[in-house]
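A.B. asks: Sequence below, structure please.
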Amino acid sequence: MFGRPYLAPPGVPAEQIKMLRAAFAAAMRDKDFLADAEKTRVDVVPTEGEKVQQSIERIYATPKHIAERAKELVRP
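C.D. replies: Residues are numbered from 1 along each chain as shown. Predicted structure coming up:
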């Protein structure tokens, strides 16, 4: 989900976020962009901004003791 995220800083007005998300979604449907991506063998698998935001909010809401345990489990 977070392969190449595009982020805006906190405090950006909701209307601007809406415009940025709409522009990103339009770019992800652009035939020329998709053709270039195919030529260069770049996979384009966009995820809606709202979905990414919800995932990030869930991650940040994880209780500290669970996050610490997860860090222990993935540590090499």
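A.B. asks: Please count neighbours and contacts with C-alpha atoms only from this point.
C.D. replies: Noted.
A.B. asks: and Glu68, how far is that from Leu34?
C.D. replies: Going from Glu68 to Leu34 by C-alpha to C-alpha, to the nearest Å gives 40 Å.
A.B. asks: Give me the packing partners of the lowest-mean-pLDDT helix or strand in the chain, helices and strands only.
C.D. replies: In the chain, the helix or strand scored least confidently by mean pLDDT, DSSP states H and E is helix 49-60, which has a mean of 90. Contacts defined by 3 or more C-alpha pairs under 8 Å, 6 or more residues apart in numbering; DSSP states H and E place helix 49-60 against no helix or strand at all.
A.B. asks: Mind listing what's buried along that helix?
C.D. replies: Gly49, Val52 (16 or more other C-alpha atoms under 10 Å).
A.B. asks: after it, next one along is what?
C.D. replies: helix 64-74 (DSSP states H and E).
A.B. asks: Now find how far off-centre the least confident helix or strand of the chain is within its chain.
C.D. replies: 8 Å (C-alpha atoms, centre = their mean, to the nearest Å).
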